[in-house]
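**Q** Could you work out the structure for the sequence below:
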Amino acid sequence: MVWAARVKGTRGFQKIVAVKTMLSMLTEDEQFEQMFLDEASLASQIRHPNVVEISDLGEQDGVLYLAMEWIDGVPLNLLMKAAKPAGGVPLPIAARIVMNACAGLHAAHELRDASGHLIGLVHRDVSPQNILVTYDGVSKVVDFGVAKATAMGGGATVAGQLKGKVSYMAPEQVRGEAIDRRVDVFAMGIVLYALTTGKHPFRRESEAATMYTIASHEPVVSPRKVVPDYPLSLEAIVLKALAKNAADRYASASEMQRALYQCFPVAERVNTDEDVGVFMCKLFGKKRDESRAALAEALALADKQGPRTPALINPLTQSQNSTLSEVGLGPSVNTHTTLALPNARARKPHRQRYLLLAVGGVLLAAVAALVAALRPSESQAGSAARVVRASSSSAAPTLPAQSAEPSAPKVELQALPIESAASDPKPAPTPTPSRAPILGKPAPVPATGTPGKLSKPHKWRQDPGF
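**A** Next up is the predicted model:
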């Protein structure tokens, strides 16, 4: 789930960001959590205007979140749907959108480690849903949750397991073979085919049939069979990107980007993102105004309610006096960013409770054993007696000292001082040990000492559920 949020700083500084959180149903899925952490560790290293920038990774009440730049726009699949009644996206506009996405992908593919070596990053989930187009006409690649760093061994896929959307996979990806950046080129070819023809080249009635069509050696249906006046130069680019043999495709997303730039005449070419932005505003002008008005209203509500938690320093980003405030959906909820390093498992709250209950039970058993060891024997008349009383709102039976169950009654240890035998003409009666039955009321413990001469008792409590 993605939220609109605001980062607050000193001297009135504020910035709108997006906060991506894990769904509650997936918080216990270790594999999904690892994908979430991998996205933070990999995508946060990419610096390119056509890739959504991740600025922070944190945890709030056991829920991991990513803070990333706020994109004022819509996913490409919504753009395709909105443009369909008007005849689809114009080909020069479509080419410009895909060119920008190719530039972002190439930046991800060229990511290097501290030693300057390529890490072999592959997105593996390129689709219209993961390409955002802003109202200014800029394309942004997002969601590296299933990305794989082939050179680092990260994000390894178990044999027989597929990651990504089936209808946008390359043949070698479907067959479970070794992959490289060319699987993203193939997926970008599918995006370009669907964006310019309005139809998916491989999708069938089921995922199994779709996978079979992708993995077969049969070439893709020519775009000109779908759109008769489809430009030949653009068709050549699409067919090369969708070659079933990886060696026949573009070697990189940058190579595909350059081919798209040259496929249209200069008079028909879209040279700037501004033209794409004009087209976006024609389609989504009303939706853009409504979204911005809703965001402004949510910000005003957040200012009215005020902060609920103090700001903290994030050790990961060293950002001071900053809070992430959820806005846009429901009331404002201020959260503070905390350190959660990538590839480190977050401790779940319920595990902490189980650990505390176990430790409490062990301590309770130890205290009970200590009291039993210090209890005076029957032959030591006149010495100080210690009485163990089980405190409970009802007449509960006395439990054995070895019990370490969390539901055991609270135990009070009460020291009762008495006078020595020399000052009392009558010797103190020797207490007779008694044992309460398992069921029913506990057996009474005989009183010790001289009545009426007890000092104020000192109490302390050991709570098994601390």
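**Q** When you work out contacts or count neighbours from here on, use the C-alpha atoms and nothing else.
**A** Fine.
**Q** wait, what's in contact with L76?
**A** P128, Q129, N130, I131, L132, V133 (C-alpha atoms under 8 Å, 6 or more residues apart in numbering).
**Q** Just the element for the last one, please.
**A** In this structure, V133 sits in strand 131-134 according to DSSP states H and E.
**Q** mind listing what's buried in the longest helix anywhere in the chain?
**A** For the chain, the helix with the greatest residue count under DSSP state H is helix 273-305. The neighbour-count check on helix 273-305 (16 or more other C-alpha atoms under 10 Å) flags 273, 276-277, 279-281, 283-284, 288, 295, 298-299, 301-302 as buried.
**Q** likewise stretch 197-204?
**A** Judged by neighbour count using 16+ other C-alpha under 10 Å, the buried positions of stretch 197-204 are T197, G198, P201, F202, R203.
**Q** Need the distance between the two termini of it.
**A** End-to-end distance of stretch 197-204 (C-alpha to C-alpha, to the nearest Å): 16 Å.
**Q** Show me the contact partners of that stretch.
**A** Here stretch 197-204 makes contact (C-alpha under 8 Å, 6+ apart) with 80, 84, 88, 167, 190, 193-194, 209-210, 213-214, 220-221, 223, 226-227.
**Q** Equivalent analysis for stretch 42-53, please.
**A** The set of residues external to stretch 42-53 that reach it, using C-alpha under 8 Å, 6+ apart, is 54-55, 68-69, 100-101, 103-105, 107-108, 111, 138-142, 144.
**Q** Pull out the CA atoms of it and give them to me as PDB.
**A** Provided in PDB are the C-alpha atoms of stretch 42-53 (Å, rounded to 0.1, in the frame of the first residue of the first chain):
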ATOM      1  CA  LEU A  42      19.100  -2.000  -4.600                       C
ATOM      2  CA  ALA A  43      16.800   0.700  -5.900                       C
ATOM      3  CA  SER A  44      18.100   3.300  -3.400                       C
ATOM      4  CA  GLN A  45      21.500   3.100  -5.100                       C
ATOM      5  CA  ILE A  46      20.100   4.100  -8.500                       C
ATOM      6  CA  ARG A  47      20.300   7.800  -9.300                       C
ATOM      7  CA  HIS A  48      18.500   8.700 -12.500                       C
ATOM      8  CA  PRO A  49      15.600  11.100 -13.400                       C
ATOM      9  CA  ASN A  50      13.700   8.200 -14.900                       C
ATOM     10  CA  VAL A  51      13.800   6.000 -11.800                       C
ATOM     11  CA  VAL A  52      11.800   6.600  -8.700                       C
ATOM     12  CA  GLU A  53      14.200   7.500  -6.000                       C
END
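**Q** Mean confidence (pLDDT) on stretch 200-209, please.
**A** The average pLDDT within stretch 200-209 is 92.
**Q** Quick one: end-to-end length of that stretch, please.
**A** 13 Å.
**Q** sorry, back to before: Produce a ChimeraX select command limited to the buried residues of the contacts of L76.
**A** Here is the ChimeraX selection string for the buried members of the contacts of L76, based on 16+ other C-alpha under 10 Å:
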select :128,130,131,132,133
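**Q** what's the closest of the contacts of L76 to G73?
**A** Using C-alpha to C-alpha, V133 is the member of the contacts of L76 that sits closest to G73, with 5.5 Å.
**Q** could you list every residue that touches the closest one?
**A** Taking C-alpha under 8 Å, 6+ apart as the contact definition, V133 lies against G73, V74, P75, L76, I97, S139, K140.
**Q** So which of those residues sit within helices?
**A** Using DSSP H, the subset of the contacts of V133 located in helices is L76, I97.
**Q** Out of the contacts of V133, flag the one nearest to A40.
**A** For these, the closest approach to A40 (C-alpha to C-alpha) belongs to K140, at 16.5 Å.
**Q** Skip ahead from the helix or strand of the chain with the lowest mean pLDDT and say which helix or strand is next.
**A** None of the helices or strands of the chain scores lower by mean pLDDT, DSSP states H and E than strand 333-335, at a mean of 33. Next helix or strand after strand 333-335 toward the C-terminus (DSSP H and E): helix 349-374.
**Q** buried sites along that following helix?
**A** Using 16+ other C-alpha under 10 Å as the test for burial, helix 349-374 gives L356, L357, A358, G360, G361, V362, L363, L364, A365, V367, A368.
**Q** now the residues you listed in JSON lines, with distance to P92?
**A** Putting the buried residues of helix 349-374 into JSON lines (distance: C-alpha to C-alpha, whole Å) gives the following:
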{"residue": "L356", "distance to P92": "63"}
{"residue": "L357", "distance to P92": "65"}
{"residue": "A358", "distance to P92": "66"}
{"residue": "G360", "distance to P92": "69"}
{"residue": "G361", "distance to P92": "71"}
{"residue": "V362", "distance to P92": "72"}
{"residue": "L363", "distance to P92": "73"}
{"residue": "L364", "distance to P92": "75"}
{"residue": "A365", "distance to P92": "77"}
{"residue": "V367", "distance to P92": "79"}
{"residue": "A368", "distance to P92": "81"}
